[in-house]
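Engineer: predicted coordinates and the sequence they were generated for:
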Amino acid sequence: MRLVQEQRTKINDQPIIAFTLTNDHGMEITCLNYGCIITNILVPDKNGNYENIVLAFDDFSSYLTNRPYLGAVIGRVAGRIKNSCFELNGKTYKLYANENKNHLHGGEKGFHHVIWQAAGFSKKEEVGVRFSHRSIDGEEGYPGNVNVQVTYTLNNQNEFIISYHAISDQDTPLTLTNHTYFNLSGNAKRDILQHELKIKSDRFLPLDHKFIPTGEIKDVAGTLFDLRQGKVLKEVIDSTDPQIFLVGQGYDHPFILNTHHDEEIVLCDRESGRTLIVETDEPAVVVYTGNQLPNEETINGIPPRKYLGICLETQALPDAVHHPHFPSCILRAGEVYSSTTKYAFRLSHE
Ligand code: G6D
């Protein structure tokens, strides 16, 4: 196991550090203390070629805006909150409205724009980085001082584990995720349309025209959201389903997971032979097929384009603060928020 850290640049005199984690098989992960951003995950294809299977900007300065939230931790609340406000304990809170009238992914200065305290660690069978941040009362409009810790761990089973812990001195909404775009072809040499996605999910949330859940919880049976047997993404992208059309010809939807830590989410690319198995204790995964990847800053050496990557954002259901029938995303004062998502990289013949 190896851990290397190097200063990439500075922001207002604060060093921006890149941590590179390598296990004994050569799998490598690079992440930044800025936004806990993942810029590299190198895993082998069926011919033993180690290539990057995540999207990353070529120029660090692109992360200072990062409209696609490439590689970043998302918080305090992943997803959209309608009208950027919510009621809690009889009080109305107004959040920063960073997407028209709505609040998206923690606001203008969400966790993706924080310079996190970071400390690497290395043990015999695992190596990683522990990030921490104190989100102060009123940040982006949220109540309470929240101490957040995000830990990235790489082990010798080619598994990457993200664990989140938080504690607040006031009740506050909180649901964290990671917004990495995966592309198993390697170095983004192809788009994701030939990837196959399988999810153990019987129900999904239809969205309204602002991409916010309507509140309906819909059975996937007979729809393009039935991924229980797996679907090649091109079949989805080419469909005329109104929900697929609504979000720009793809997925941008929450899927409610039937089970946990049971290979509930599997993405594979036949041509490279790479398979990604995602397991989580979160109630849902928002699948986003990169329908709106901006085309200004280059990514992995090429101009970004639609469907260059897919996000698997394990999290609570979006806009849960406005839907009492959704699992709650409220972290009670003094309670510990704890969440883990594991990304296991395999080869299809394994
Ligand atoms: C778009 O609607 C999508 C979001 O789900 C995604 O997280 C963002 O782009 C990067 O707004």
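Structural biologist: Cool, the structure landed.
Engineer: near the ligand, which residues of the stretch 51-200 of the chain?
Structural biologist: P68, Y69 (CB under 6 Å from any ligand atom). Placement of C-beta: from N, CA and C, glycine included.
Engineer: mind listing the strands for the stretch 51-200 of the chain?
Structural biologist: If DSSP state E, counting those that start in this stretch is used as the criterion, the strands of the stretch 51-200 of the chain fall at 73-74, 80-81, 85-88, 91-94, 103-104, 117-122, 126-135, 146-155, 159-168, 172-173, 177-178, 181-182, 196-199.
Engineer: turn these into JSON lines, including mean pLDDT.
Structural biologist: Conversion of these to JSON lines gives the following (pLDDT from 0 to 100):
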{"stretch": "strand 73-74", "mean pLDDT": "98"}
{"stretch": "strand 80-81", "mean pLDDT": "98"}
{"stretch": "strand 85-88", "mean pLDDT": "98"}
{"stretch": "strand 91-94", "mean pLDDT": "98"}
{"stretch": "strand 103-104", "mean pLDDT": "98"}
{"stretch": "strand 117-122", "mean pLDDT": "98"}
{"stretch": "strand 126-135", "mean pLDDT": "98"}
{"stretch": "strand 146-155", "mean pLDDT": "98"}
{"stretch": "strand 159-168", "mean pLDDT": "98"}
{"stretch": "strand 172-173", "mean pLDDT": "98"}
{"stretch": "strand 177-178", "mean pLDDT": "98"}
{"stretch": "strand 181-182", "mean pLDDT": "98"}
{"stretch": "strand 196-199", "mean pLDDT": "98"}
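Engineer: now render those as TSV, adding mean neighbour count.
Structural biologist: Output for the strands of the stretch 51-200 of the chain, formatted as TSV (neighbours: other CB atoms under 10 Å):
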stretch	mean neighbour count
strand 73-74	28
strand 80-81	23
strand 85-88	16
strand 91-94	12
strand 103-104	26
strand 117-122	14
strand 126-135	20
strand 146-155	21
strand 159-168	21
strand 172-173	24
strand 177-178	28
strand 181-182	24
strand 196-199	21
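Engineer: report the backbone C-alpha coordinates of the lengthiest strand in the chain in PDB.
Structural biologist: Counting by DSSP state E, the longest strand found in the chain is strand 336-347. What follows is strand 336-347, C-alpha atoms only, in PDB (Å, rounded to 0.1, in the frame of the first residue of the first chain):
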ATOM      1  CA  VAL A 336     -24.400  10.800  14.700                       C
ATOM      2  CA  TYR A 337     -25.000  10.700  11.000                       C
ATOM      3  CA  SER A 338     -23.200   7.700   9.600                       C
ATOM      4  CA  SER A 339     -23.300   6.400   6.000                       C
ATOM      5  CA  THR A 340     -21.000   4.100   4.000                       C
ATOM      6  CA  THR A 341     -20.900   3.400   0.200                       C
ATOM      7  CA  LYS A 342     -18.500   0.800  -1.200                       C
ATOM      8  CA  TYR A 343     -17.300   0.800  -4.800                       C
ATOM      9  CA  ALA A 344     -15.800  -2.600  -5.800                       C
ATOM     10  CA  PHE A 345     -14.000  -2.900  -9.100                       C
ATOM     11  CA  ARG A 346     -14.000  -6.300 -10.800                       C
ATOM     12  CA  LEU A 347     -13.200  -7.800 -14.200                       C
END
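Engineer: other SSEs contacting it?
Structural biologist: Under the contact criterion of 3 or more CB pairs under 8 Å, 6 or more residues apart in numbering; DSSP states H and E, strand 336-347 touches strand 38-44, strand 159-168, strand 274-280.
Engineer: could those strands go into JSON lines alongside distance to K124?
Structural biologist: Below are the helices and strands packed on strand 336-347 laid out as JSON lines (distance: least, CB to CB, whole Å):
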{"stretch": "strand 38-44", "distance to K124": "21"}
{"stretch": "strand 159-168", "distance to K124": "15"}
{"stretch": "strand 274-280", "distance to K124": "23"}
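Engineer: so which of those strands comes closest to L184?
Structural biologist: strand 274-280 (4.0 Å; CB to CB).
Engineer: pull up the pairing partners for the closest one, direction included.
Structural biologist: Here strand 274-280 has these sheet partners by DSSP bridges: strand 265-269 (antiparallel), strand 336-347 (antiparallel).
Engineer: identify whichever of those strands lies nearest to V114.
Structural biologist: With CB to CB as the criterion, V114 lies closest to strand 336-347 of the strands paired with strand 274-280, at 16.7 Å.
Engineer: shaky segments in this structure?
Structural biologist: For the chain, the stretches with pLDDT under 70 are 349-350.
Engineer: how far away is the residue located most distally from the centre of it from I302?
Structural biologist: The outermost residue of the chain relative to its centre, with distances by CA atoms, centre = their mean, is G90 at 31.5 Å. Separation of G90 from I302 (CB to CB, to the nearest Å): 52 Å.
Engineer: next one: T341
Structural biologist: With CB to CB as the criterion, T341 and I302 are 28 Å apart.
Engineer: neighbour count for these two, which is higher?
Structural biologist: T341 (24 against 13; other CB atoms under 10 Å).
Engineer: how about the nearest residue to that one, chain neighbours excluded?
Structural biologist: T280 (4.2 Å; CB to CB, 6 or more residues apart in numbering).
Engineer: what about that neighbour, how many residues close to it?
Structural biologist: For T280, the count of nearby residues is 22 (other CB under 10 Å).
Engineer: show me what residue of the stretch 101-250 of the chain gets nearest to the ligand.
Structural biologist: Proximity of the stretch 101-250 of the chain to the ligand (CB to the nearest ligand atom) peaks at F211, 4.7 Å away.
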